[in-house]
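Colleague: I'd like to go over a predicted model; first the sequence, then the structure.
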Amino acid sequence: MSLPDTVRDLLDAELVAAQGSSRCPSIAAALFRQGDVVWSGACGRVTGRSGGALATPDTAYRIGSITKTLTAIGVLQQVAAGRVSLDDPVGRVLTELPPEIGSVTVRALLTHGSGLLAEPVGPWWERSPGRRWEQLVPQLRRNDDLIGRFHYSNSGFAILGELTARLDGRLWWDLVRDDILLPLGMDRTTYDAGPGSAPGLAVHPDADLLHAEPAHDSAAMAPAGQLWSTVGDLARLGIFLADGHADVLDDTLRRRMQVPALVDDVPGRSWSRAYGFGLDVIARGAVRYVGHGGSMPGFVGAVRVDARRGVGVAVLCNSTAGFGDTLATSLLDVADQVPSTRAAAAPTVPADTGTVAGDIEGRWYWGPRPYRLRALPGGELELAPEGGGRGSRFVPSAPDTWTGLDEYFAGERLRVLRRDAGPSHAPYLDLGTFRFTRAPYDPDCDIPGGTDPAGWH
């Protein structure tokens with residue numbers, strides 16, 4: 001099935017506009033319909049500089065949490081083989097887990113309803129050398145107040161990866177490669193970056209400057225976000241979600257993956273996101289898209305599939321800040337020959353970087369991405385990304401410490417770390433192991449993984 005040239009031209013233009021408005025060094029996308037990739041495109045240079053290699057649809061990027069969908073498929077293969085059930089506690093197999101973690105069921109981990117905190121205790125894992133399983137186990141934490149509600153947990157998928165390896169007798173990556181990727185023809189999906197892969201880059205929010213991001217082996221955390229792939233390979237994953245493949249998973253379990261299990265509920269709003277088994281379920285009017293987003297330092301990606309119509313899209317880029325939330329659906333709109341209603345926004349000049357009051361309100365940076373922290377009545381705080389996006393509220397729990405109430409950081413601890421040396425005495429923030437600083441990748445702060453020795457250049 002082919003698309004008219006006019007539609008292809010519109011798709012190309014949409015991708016170019018997204019790359020320009022989001023300032024991604026490079027970006028690639030592919031669209032499929034009824035089992036065939038009907039369009040792919042790429043723009044930009046992978047180095048973010050003139051003279052660098054041009055991006056193509058075959059350029060490999062790190063896919064981050066899209067890895068979780070592959071981990072979930074591997075778990076369901078073990079369910080289909082009768083080695084484990086969805087309601088088995090993982091401690092039945094992983095006997096070294098402490099009782100409060102081992103009692104969590106496979107189902108609860110697949111749906112992010114286990115109550116496990118988002119990140120393991122210790123260094124910011126995405127920017128630090130990977131820890132072994134025996135090192136990870138004592139760093140796992142659970143919050144009883146989060147049990148049964150949607151709370152995204154990278155730690156939970158690390159447990160699922162170890163569970164499949166223990167049940168199957170092979171390493172997690174060997175299982176994913178041999179039993180999922182090879183049957184689906186995803187031969188460009190790898191554990192590590194290969195030749196010609198895009199480098200991970202952060203783009204300064206206020207200037208034409210780049211910052212190299214680290215790319216560590218995530219080790220025990222790999223099932224949560226390690227892999228690299230191309231948009232063509234991710235389109236094949238989307239085709240599997242829509243059409244199935246008997247050698248990978250039976251249709252009953254494949255469809256069960258896509259059933260909303262826990263709603264990402266925000267009081268006062270209609271729900272737009274739920275989670276199945278290793279899959280986001282996005283509500284857009286009457287249409288339900290399944291798939292997953294992914295990010296690691298220097299990379300953002302997304303797979304979005306309308307399984308009912310057999311239509312979907314994959315997008316990848318090498319920018320920590322990413323390409324926004326609307327590109328995937330905009331490409332699908334164009335493919336349906338419906339003009340996109342999204343106008344490409346011109347980059348804006350950020351507001352004054354000074355604090356509003358005290359020494360913690362005002363602008364903070366998560367890597368290169370600006371956030372705004374503001375005080376609420378009763379000593380509460382709200383942290384939200386600038387330019388749109390959901391934030392989290394925090395309540396005071398100890399001196400210079402707050403605990404998250406909602407959204408991604410529910411149950412997570414926000415601490416103010418104060419410096420007594422360096423050119424500035426301004427504090428910085430530790431939020432669930434993430435570091436927020438007053439300047440993008442402030443070299444005077446203790447940032448896991450370190451900063452580019454060359455600085456912004």
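Modeller: All right, it came through fine. Owing to the predicted nature of the structure, the values given are computational and were not obtained by experimental measurement.
Colleague: where does pLDDT dip in the protein?
Modeller: Scanning the chain for pLDDT under 70 picks out the ranges 1, 337-358, 419-426.
Colleague: switch to 50 and redo it
Modeller: Low-confidence segments of the chain (pLDDT under 50): 338-357, 421-423.
Colleague: for it, which helix is longest?
Modeller: Ordering each helix of the chain by length in residues (DSSP state H) puts helix 5-22 first.
Colleague: quick one: that helix to chain centroid distance?
Modeller: Mean C-alpha position of helix 5-22 versus that of the full chain (Cα atoms, centre = their mean, to the nearest Å) differs by 24 Å.
Colleague: is it true that residue 179 lies in a helix?
Modeller: Yes. Under DSSP: H, G, I helix; E, B strand; the rest coil, residue 179 falls within a helix.
Colleague: which residue sits closest to residue 12, ignoring its sequence neighbours?
Modeller: residue 41 (5.3 Å; Cβ to Cβ, 6 or more residues apart in numbering). Every C-beta, even on glycine, is put in place using the N, C-alpha and C of the backbone.
Colleague: helix or strand: which one has residue 395?
Modeller: Following DSSP states H and E, one finds residue 395 within strand 392-398.
Colleague: would you confirm that the residue nearest to residue 12 contacts residue 57?
Modeller: Yes. Under the criterion of Cβ atoms under 8 Å, residue 41 makes contact with residue 57 at 6.6 Å.
Colleague: joint contacts of those two?
Modeller: Residues touching both residue 41 and residue 57 (Cβ atoms under 8 Å, 6 or more residues apart in numbering) are 28-30.
Colleague: among those residues, who's most crowded?
Modeller: Neighbour counts for the shared contacts of residue 41 and residue 57 (other Cβ atoms under 10 Å) peak at residue 28, which has 31 neighbours.
Colleague: hmm, back to that, and after the longest helix of the chain, which helix or strand comes next?
Modeller: strand 26-33.
Colleague: in the helix or strand following that following strand, which residues are buried?
Modeller: Using DSSP H and E, the helix or strand that follows strand 26-33 towards the C-terminus is strand 36-44. Within strand 36-44, the residues scored as buried using 16 or more other Cβ atoms under 10 Å are 37-44.
Colleague: and the end-to-end length of stretch 259-279?
Modeller: 9 Å (Cα to Cα, to the nearest Å).
Colleague: hang on, the earlier thing: just curious, which of the shared contacts of residue 41 and residue 57 is nearest to residue 302?
Modeller: residue 29 (9.4 Å; Cβ to Cβ).
Colleague: how many other residues sit next to the nearest residue to that closest one once chain neighbours are set aside?
Modeller: Spatially, and ignoring its direct neighbours in sequence, residue 29 is nearest to residue 315 (4.5 Å; Cβ to Cβ, 6+ apart). Residue 315 has 25 neighbours, counted by other Cβ under 10 Å.
Colleague: mind listing the helices for the stretch 1-150 of the chain?
Modeller: All helices of the stretch 1-150 of the chain, identified by DSSP state H, counting those that start in this stretch, fall at 5-22, 67-80, 99-102, 106-110, 133-136.
Colleague: just how off-centre is the last one within its chain?
Modeller: In terms of Cα atoms, centre = their mean, the centre of helix 133-136 is set 22 Å apart from its chain centre.
Colleague: again with the second one
Modeller: What separates the centre of helix 67-80 from the centre of its chain is 18 Å, taken as Cα atoms, centre = their mean.
Colleague: could you export it as CSV, CA atoms only?
Modeller: In CSV, the C-alpha atoms belonging to helix 67-80 read as follows (Å, rounded to 0.1, in the frame of the first residue of the first chain):
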residue,chain,number,x,y,z
THR,A,67,12.6,-1.3,25.7
LYS,A,68,9.9,-1.9,28.4
THR,A,69,7.4,-3.2,25.7
LEU,A,70,10.0,-5.8,24.6
THR,A,71,10.6,-6.8,28.3
ALA,A,72,6.8,-7.2,28.8
ILE,A,73,6.5,-9.4,25.7
GLY,A,74,9.3,-11.6,27.1
VAL,A,75,7.4,-11.9,30.4
LEU,A,76,4.2,-12.8,28.6
GLN,A,77,6.1,-15.5,26.7
GLN,A,78,7.0,-17.0,30.1
VAL,A,79,3.3,-16.8,31.1
ALA,A,80,2.4,-18.6,27.8
